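*Asks:* Show me the folded form of this:
(one chain, ligands or ions: 1)
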Amino acid sequence: MKLPIADARTTWRYTAGLIRSHRRDLTVIAALHVLAAFAGLVGPWLLGRLVDDVRDGTTAGHVRDLVLVAAVAILARAVVQKVAQQRSMAFGETVFAAMREEFLDTVTALPLSTVERAGTGDLVARTTNDVSKIQNAVRFGVPQLVVAVVTIVLTVAACLVLSPLVSVAMFVGLPLLLAVTRWYLRRAPAAYQSESATYAQLNGTVTESVEGVRTVDALDLGARRDGRSDGDLADAYAAEMRTLRLRTVLFPGVDLTFVLAPVAVLVWGGFLASQGTVTMGAVTAVVMFTFQLTGPVWNLVYWLDEISVSAVSLARIIGVRLVPPDRTASGAAPASGDVVARGVRYAYREGHDVLHGVDLDLRPGERLAIVGPSGAGKSTLGRMLAGIHPPTGGSVTVGGVPLVDLPLDELRRRVALVTQEHHVFVGTLADNLRLADVAAGDERLREALAAVDALDWVDALPDGLATEVGSGGAVLTPAQAQQLALARLVLLDPDVLVLDEATSLLDPRAARHLERSLAAVLRGRTVVAIAHRLHTAHDADRVAVVEDGRITELGSHDELVTAGGSYAALWRSWQHE
Ligand SMILES: Nc1ncnc2c1ncn2[C@@H]1O[C@H](COP(=O)(O)OP(=O)(O)OP(=O)(O)O)[C@@H](O)[C@H]1O
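*Replies:* This next block holds a predicted model:
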């Protein structure tokens, strides 16, 4: 499954909304740029007058006055332009910061199932490549576009006021300019979209190789992974070449119009002046104006190109917002802490149920062990009981309210899933702990660490709780990382814990130590343990046997052994091992 990409209408609606919500800022910026553009018109206009006045005979004093006025206009333009640019930049930063925050909120609220199915590569590409493309467009593109449009409109208007007859020649390159830009803009979005997609693919492959580096090493997959990256690189190269070819038509085409326009004005204006129809001053001014148009027209084309590239990125970013939520908080409050599963079904792929209608009532405070053969659906059931995914059929409720109807923070205070995967985030130890409770003071953090027997090693670190950990920081052992995760659970304080392979990968010495830490966390809570060692089942209050997506036996260890079913067989064979 791929993450969605917004269509042109949705992207435009989003952009229009953005413009509307910043209407006032944009108006002020546009007004300042209009002022600067007006000041920019003064120079060529005065030059035209100067030519006519000199030809007609004038005084040195008059020339000096005109030059003085031109100098003041240039100075005024520089000042206004600086203010306008400062405001534009500040505006760009504000809009971009808001967009980035909104995007981050969207990404962190994505349903886990969507992230798992879509893979991380695409999401990483959207948060990096696409966001930086947008950043450029919002920071510089939008203000530059405003400047370009305002300057072009005012300059053309000034030419027409000065001499419509001479000015017609400046449009000689317009059909070519329009044709080339149109040709380009029609092809650009699709080409840039496929370019972005190839980068997402490359990102995915590289991320996967890095994340799975141990497997790559163990199975000697290096050459194969390299081959795959090479293939992705070749695709990205081909996509880059396609967009480059588009630009090799656009840029020379636009350049040609820039040469054509002033030459045409000069020839046509010269002819008219020789006939005495217009003055030399008017021709000079229009030629100057035409030259002056080159910069803004280039900017317009350049930023239209950049903006069409970033429109693709924007569509990919807005696309993330289109992922439907897998849960909606209904506002209902659970009447009790009882977790009940009724007729629970789940399919990772449509039509392929791995759970076929599971019923289970968790008794408050009990220890329930789930056992069964590999692939029977134990982990899937654990994820349902922890509200990680909404079931595709049936329901899991707490106090009568479906788990997926609870806001996430409330859900996590009710049920939490503990796996062997414990990511240590970049930041301090305290930051890592406060993920569970942002408001917790240092004393609470220390209590939580003490509860899981981790305070000693934390205190032995040079900076204690303020020690930087995660990638680039102090390296924690797997057992320490797991204790950190357990301390987070103490802070989170959920009523129900679902343990899935929580200690299975650790070496036995660490596991024993961790089991003590774990015991401290489990005290007073309802615990569902997906059991890989049967002694966990032996010590539990009840055991549920899952086979082929169904609970086939449920009862205490002794009851199930007496009943002589699958569990009894498992227990016997385990004892003989
Ligand atoms: N992310 C997934 N996408 C598709 N199928 C999956 C996914 N996770 C699990 N399955 C499939 O669902 C079925 C149940 O898997 P599950 O992991 O729940 O079983 P399990 O009893 O916990 O197995 P084990 O003891 O080996 O962990 C298996 O057939 C498995 O291949």
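*Asks:* rest of the way, CA atoms for contacts and neighbours
*Replies:* OK.
*Asks:* Spit out the contact partners of Val545.
*Replies:* Contacts for Val545 (CA atoms under 8 Å, 6 or more residues apart in numbering) come out as 370-372, 551-554, 566-567.
*Asks:* And for Leu406, the neighbour number?
*Replies:* By other CA atoms under 10 Å, 23 other residues sit near Leu406.
*Asks:* Please apply the same query to Arg434.
*Replies:* Residues near Arg434, counting by other CA under 10 Å: 19.
*Asks:* Tell me how far it lies from the ligand.
*Replies:* Distance, Arg434 to the ligand, using CA to the nearest ligand atom, to the nearest Å: 29 Å.
*Asks:* What distance do you get for that residue to Leu514?
*Replies:* With distances taken as CA to CA, to the nearest Å, Arg434 is found 21 Å from Leu514.
*Asks:* and the residue positioned nearest the centre of the chain, helix, strand or coil?
*Replies:* The centre of the chain sits closest to Thr127, judged by CA atoms, centre = their mean, with a distance of 3.3 Å. Going by DSSP: H, G, I helix; E, B strand; the rest coil, the secondary structure assigned to Thr127 is helix.
*Asks:* The helix or strand bottoming out on mean pLDDT in the chain: what's the following helix or strand?
*Replies:* In the chain, no helix or strand scores lower on mean pLDDT, DSSP states H and E than helix 508-522, which sits at a mean of 73. The helix or strand immediately downstream of helix 508-522 is strand 526-530, counting by DSSP states H and E.
*Asks:* The helix or strand just after that next one packs against which elements?
*Replies:* Going down the chain from strand 526-530, the next helix or strand is helix 534-539, by DSSP H and E. When contacts are defined as 3 or more CA pairs under 8 Å, 6 or more residues apart in numbering; DSSP states H and E, helix 534-539 sits against strand 367-371.
*Asks:* what about 10 Å?
*Replies:* Judged by 3 or more CA pairs under 10 Å, 6 or more residues apart in numbering; DSSP states H and E, the packing partners of helix 534-539 are strand 367-371, strand 526-530, strand 542-547, helix 557-563, helix 566-576.
*Asks:* residues in contact with it?
*Replies:* Helix 534-539 has contacts (CA atoms under 10 Å, 6 or more residues apart in numbering) with 367-371, 529-531, 540, 543-544, 556-558, 567, 570-571, 574-575.
*Asks:* In PyMOL, select just the buried ones from the residues you listed.
*Replies:* Remark: buried members of the contacts of helix 534-539, expressed as a PyMOL selection using 16 or more other CA atoms under 10 Å:
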select buried, resi 367+368+369+370+371+529+530+531+540+543+544+556+557+567+570+571
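*Asks:* distance of the residue in the stretch 201-350 of the chain that the ligand sits nearest to from Asp25?
*Replies:* The ligand sits closest to Tyr348 of the stretch 201-350 of the chain, with a gap of 4.8 Å, by CA to the nearest ligand atom. Note on Tyr348: its distance to Asp25, by CA to CA, is 48 Å.
*Asks:* ditto for Val398
*Replies:* Val398 sits 49 Å away from Asp25, going by CA to CA.
*Asks:* who touches the residue nearest to the centre of the chain in this structure?
*Replies:* So Thr127 contacts 100, 103-104, 107, 121, 313, 316-317 (CA under 10 Å, 6+ apart).
*Asks:* what about the stretch 1-150 of the chain, any weak spots by pLDDT?
*Replies:* Scanning the stretch 1-150 of the chain for pLDDT under 70 picks out 1.
*Asks:* Next to the ligand, which bits of it? Give me the list.
*Replies:* By CA under 6 Å from any ligand atom, no part of the stretch 1-150 of the chain sits against the ligand.
*Asks:* again, only this time at 8 Å
*Replies:* Applying CA under 8 Å from any ligand atom, one finds that the stretch 1-150 of the chain approaches the ligand through 116-117.
*Asks:* do the same with the chain
*Replies:* 116-117, 347-349, 354-355, 371-382, 530, 532, 546-547, 549.
*Asks:* Same list (the helices and strands packed on helix 534-539) but as CSV, adding distance to Asp459 and mean pLDDT.
*Replies:* Supplementary listing: those in CSV, determined by distance: least, CA to CA, whole Å; pLDDT from 0 to 100:
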stretch, distance to Asp459, mean pLDDT
strand 367-371, 33, 92
strand 526-530, 30, 91
strand 542-547, 39, 94
helix 557-563, 42, 91
helix 566-576, 41, 85
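*Asks:* Compare these and give me the one nearest Pro189.
*Replies:* Pro189 lies closest to strand 526-530 among the helices and strands packed on helix 534-539, at 49.7 Å (CA to CA).
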